[in-house]
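**Student:** Take this sequence and fold it.
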Amino acid sequence: MAIKLITPFTEENIRKLHTGDMVEITGKLFTARDAVHKYIFDGGKLPVSLENQIVYHCGPVVIKEGGQWVVKAAGPTTSFREEPYQWKLIDDLKLKGVIGKGGMGKKTLEACKTFGCCYFHAVGGAAQVLAEKIIKVNGVYMMEEFGSPEAVWEFEVKDFPVVVTMDSHGKSLHEDIANLSAEALKRFL
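**Tutor:** Numbering: from 1, shown residues only. Below you'll find the predicted structure:
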């Protein structure tokens, strides 16, 4: 059974979560990819506050239909590319969640533990299914600077499905699996 969470998150909500928890998120999600991460890391400012919100590593396919933005695909992108920046963004922006795929490294895990944040894994290859969980596009920021896939999209979501794979207690399923795999490999060599 999934844990239902509504944004904005509180540190208390996040600290209750543990690796392996299935979560359904309702509320706002903000996309951010490589260009935005580097921009913020280098001192750039966003025109919207992400405090107590979630950053989704996603380059969505969004088109205009009848004067409204409509999301056609919104799958996660590989998160590890943001590892050089993510720890600082968690601190500076007061993020409570990061969604992507593939996990992140030790700096991000330490920031999650220190500042009360979780890394949520979204299923790769399910971009259209995840897009169906986006009920509205509230806005788009920095489109002129970065282009559509790299812009910051503000989505309204309902029951967006994710799994906690890095929690605020210093646990990482990605690290656990890597360690188990290394042990298994040793037995075969």
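**Student:** Which parts of the protein are helices?
**Tutor:** 11-15, 34-41, 83-93, 106-115, 127-131, 143-146, 173-188 (DSSP state H).
**Student:** need those in TSV with distance to I99, mean neighbour count and mean pLDDT, can you?
**Tutor:** Placement of C-beta: from N, CA and C, glycine included. Formatted as TSV, those follow (distance: least, CB to CB, whole Å; neighbours: other CB atoms under 10 Å; pLDDT from 0 to 100):
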stretch	distance to I99	mean neighbour count	mean pLDDT
helix 11-15	13	15	95
helix 34-41	14	18	96
helix 83-93	12	19	96
helix 106-115	13	18	97
helix 127-131	10	18	93
helix 143-146	19	13	95
helix 173-188	14	11	81
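**Student:** if we compare the ones you listed, which one ends up closest to V152?
**Tutor:** helix 34-41 (5.8 Å; CB to CB).
**Student:** just how off-centre is that closest one within its chain?
**Tutor:** 14 Å (CA atoms, centre = their mean, to the nearest Å).
**Student:** outside of that helix, which residues touch it?
**Tutor:** Residues from elsewhere that reach helix 34-41, judged by CB atoms under 8 Å, 6 or more residues apart in numbering: 32, 46, 81-82, 84-86, 88-89, 92-93, 142, 145-146, 150-152.
**Student:** between that helix and helix 83-93, what angle do the directions make?
**Tutor:** Orientation check (axes from the mean of the first three to the mean of the last three CA atoms, to 10 degrees): helix 34-41 against helix 83-93 gives 50 degrees.
**Student:** what about the closest residue to W69 other than its chain neighbours, how many neighbours?
**Tutor:** Spatial nearest neighbour of W69, chain neighbours left out: V137 (3.8 Å); criterion: CB to CB, 6 or more residues apart in numbering. Neighbourhood size, V137 [other CB atoms under 10 Å]: 17.
**Student:** Same check on the one 5 residues further on?
**Tutor:** When neighbours are defined as other CB under 10 Å, M142 has 19 of them.
**Student:** And the pLDDT at it?
**Tutor:** Confidence at M142, expressed as pLDDT, is 96.
**Student:** cool, and V55?
**Tutor:** V55 is given a pLDDT of 97.
**Student:** Quick check: beta-bridge partners of the residue minimising distance to the centre of the chain?
**Tutor:** With distances taken as CA atoms, centre = their mean, I99 lies nearest the centre of the chain, 1.9 Å away. On the basis of DSSP bridges, I99 is bridged to Y56, F120.
**Student:** May I see the buried residues of the longest strand belonging to the chain?
**Tutor:** Scanning the chain for the longest strand, with DSSP state E as the assignment, gives strand 152-166. Burial within strand 152-166, assessed by neighbour count using 16 or more other CB atoms under 10 Å, is assigned to V152, W153, E154, F155, V157, F160, P161, V162, V163, V164, T165, M166.
**Student:** and which of these is nearest M22?
**Tutor:** Looking across the buried residues of strand 152-166 and measuring by CB to CB, the closest to M22 is V163, at 5.5 Å.
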